[in-house]
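Colleague: Show me the folded form of this:
(2 chains)
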Amino acid sequence: MEVRVQNIRKEFSRFPALNDVSLDIRSGELIALLGPSGSGKTTLLRLIAGLESPTEGTVYFGNEDASRKTVQQRNIGFVFQHYALFRHMTVLDNVSFGLTIRPAGRRPSKDEIRKRALELLDLVQLSGLEKRYPAQLSGGQRQRVALARAMAVEPNVLLLDEPFGALDAQVRKELRRWLREIHDRTGHTTVFVTHDQDEALELADRVVVMSKGKIEQIGTPDEIYDTPNSPFVFGFIGESNILRVRVENGQLWIKEHSIGVSALGEADGPAQLYFRPHDIELLDGNGGCIAGLVAMTRRVAGTRHVELDIGAANSKVEIELPPEKVTSDHSRIAFRPTRWKLFRD
Amino acid sequence: MTARTAPLWQFRQPSVIPGFGLALGVTLSWLILIILIPLSGLAWRSSALGWGTFWTLATDQRTINALRISFGTAFVAALINVVFGVILAWVLVRYRFPGKRVIDAMVDLPFALPTAVAGIALTTLYAPNGWIGSLLTPLGIKIAFTPIGIVFALVFVGLPFVVRTVQPIMEEIDKEVEEAAATLGANRFQTISRVLLPGLAPAVLTGFALAFARGVGEYGSVIFIAGNLPYVSEIAPLLIVIRLEEFNYPAATAIAAVMLIISFAMLLIINMIQAWSRKRYGYGA
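Modeller: Okay, here's the model as predicted:
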């Protein structure tokens, strides 16, 4: 189901947690809310769920105004970071819970409920564990029970609050891939909150980057990574270098040196140059370039990270080189960014 | 070739926590000194009676009635305490209101107050000419000097046991669990009855056991309000004292032994239920 958030504002005792946020979520989409802690991403998720009510603004489920509905009436599935399973119930009872508490008119028969719960446990690959109690499961298994429980009520939208936050790296990666598979099979409209950019970029159809109660950018993972539209997004997603530069006659300058990057059509004046460590090309150092002495090198998996001291008022710059390129400390390296973006102060 | 096999059960598991021997030694000596020696004295005295005598003494009608009153009233009082203790703990944990600390402190009063004081206070209130008793007498309700009075006294002394065992577990309940229930469509009542209360069951059971045990052994507060009519409102501990005053040591010993056996059996069963639930749910008091 489509979910539309319109001009939402949320204050917690006068402190604005969300400020005029609007977001359209398409039916069947897997969308990530990404941001540092305190950016309002969890608040936005809880507002969609109905666990919080907005100070101003409206939430629509399809064409229906859901703002006035209680959390019970919205028929959503919510998965919490710390699972929030009912610990006195077996796995099967946990998954069945949402169906067994329905009023008699809408409640499926006992056999039907059991059948559906078992199907869901099969979907989340926990067949055979239905008689266990949550305390007897691992973290990853518990979160899968939580997901099955949320899906049992056939929710309009599935909301996941840092679903893998409490799990260790290995399990997290595994569950990530698995969640994508489940989503592709079931087609639930899904919103998940994360502060892990890898998770968001790998998993989501679209990523919503949030900061300080506002949406900074909405886009596909490619758009977010390749064309960030603000210094915040550039700095928050992936690695980045920031240099103070000057635009003059369509060229970029650091002090009196041209850095070999032409910026035609940019107005003259000071600016911040953003570029990623791997978006560079090495130069011989005779023409316009950024040059510096190697301060430190690190081998990170398939690339070599080189930290350059380029002097001046700029701090250190990090670039990525192929591992066969061996550099010694204090040797001189010259390069030029190939993809970059300028932001004015 | 002989295969070296590990012993099936080792008295001492290898452990990084030091002092197992010392700690166990102290614990056992202390238990023996404080609990086992007095109790085995009791067992020895009653075994000296011989089975026949013991049986005659234990099945004396007055003894049976006293035991029935003691265990019955303690059971009813513990049940009442479970209901109101859980509500009280809920209010203390969930809500903020002026005077909360005072109420929290008041819960412990029955722990500290000499039980005789409580008994006398309750008697003055509920006696036919007391404040509350005088209002109830015209309605034909008699509280003081009946088993109902005993229940009242036991409710008073047992209340903190339930509140203080349930309260910390209730504080631990994750708000997310309630929210999870709500997102699945559970209303307030379903959340409480299907999710919260069952989760508290082990703690409630412990509170019940403690309140019940305390009620069975209670003496001071009860003897004032009970009226102590033989066969009607005479509790077993009082009967023991009466027998002792009559220098009828065998009878006192027999009643005490029966109380001991019943109490121990009941507490053992409750403990076993707890161990079972702890194993299953991975938590519990």
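
Colleague: A:Gly219 against A:Val207, yeah?
Modeller: Yes - here A:Gly219 reaches A:Val207: they are 6.6 Å apart, a contact under CB atoms under 8 Å. C-beta coordinates here come from the backbone N, C-alpha and C atoms, glycine included.

Colleague: neighbour-wise, which of the two wins?
Modeller: It is A:Val207, of A:Gly219 and A:Val207, that has more neighbours when counted by other CB atoms under 10 Å in any protein chain shown, with 26 against 17.

Colleague: Spatially, which residue comes closest to residue 76, not counting chain neighbours?
Modeller: Unless you meant another one, I'm taking chain A. A:Pro155 (4.9 Å; CB to CB, 6 or more residues apart in numbering or on different chains).

Colleague: ah, I was thinking of chain B
Modeller: In space, and not counting its chain neighbours, B:Val76 is closest to B:Val151: 5.2 Å by CB to CB, 6+ apart.

Colleague: what sits against the residue nearest to A:Ile76?
Modeller: Contacts here follow CB atoms under 8 Å, 6 or more residues apart in numbering or on different chains; on that basis A:Pro155 touches A:75-77, A:188.

Colleague: separation between it and A:Gly98?
Modeller: Here the distance between A:Pro155 and A:Gly98 works out to 9 Å (CB to CB, to the nearest Å).

Colleague: Any idea how many residues pack against residue 110?
Modeller: No chain in the question, so chain A it is. 11.

Colleague: wrong one, chain B
Modeller: B:Pro110 has 18 neighbours, counted by other CB under 10 Å.

Colleague: Same check on A:Asp198?
Modeller: If you count neighbours by other CB under 10 Å, A:Asp198 ends up with 12.

Colleague: Can you classify it as helix, strand or coil?
Modeller: Counting by DSSP: H, G, I helix; E, B strand; the rest coil, the backbone at A:Asp198 sits in helix.

Colleague: now A:Pro16
Modeller: For A:Pro16, the reduced secondary structure class is strand; criterion used: three-state DSSP.

Colleague: now it, nearest residue through space, not along the chain?
Modeller: If the residues on either side of it in the chain are set aside, A:Pro16 comes closest to A:Gly213, at 5.7 Å by CB to CB, 6+ apart.

Colleague: you'd agree the one you found is up against A:Leu18?
Modeller: Yes - applying CB under 8 Å, one finds A:Gly213 in contact with A:Leu18, separated by 4.9 Å.

Colleague: any residues in contact with both of the two?
Modeller: Jointly contacting A:Gly213 and A:Leu18 under the rule CB under 8 Å, 6+ apart are A:Gly40.

Colleague: which of those two has more neighbours?
Modeller: Neighbours around A:Gly213 and A:Leu18, counted as other CB under 10 Å, are more numerous at A:Leu18. The numbers are 27 against 22.

Colleague: Name the nearest residue to A:Pro36, sequence neighbours excluded.
Modeller: A:His195 (6.3 Å).

Colleague: Quick one: residues contacting the one you found.
Modeller: By CB under 8 Å, 6+ apart, the contact set of A:His195 is A:34-37, A:41, A:162, A:165.

Colleague: Tell me the buried residues within these.
Modeller: With neighbours counted using 16 or more other CB atoms under 10 Å in any protein chain shown, the contacts of A:His195 contain these buried positions: A:34-35, A:41, A:162, A:165.

Colleague: ok so, going back, from A:Gly269, how far off is the residue nearest to A:Ile76?
Modeller: From A:Pro155 over to A:Gly269 the distance is 52 Å, taken as CB to CB.

Colleague: ok, how many other residues are close to B:Leu33?
Modeller: Here the number of neighbours of B:Leu33 (other CB under 10 Å) works out to 10.

Colleague: Give me the subset of the contacts of A:His195 that lies in strands.
Modeller: Counting by DSSP state E, the members of the contacts of A:His195 that fall within strands are A:Leu34.
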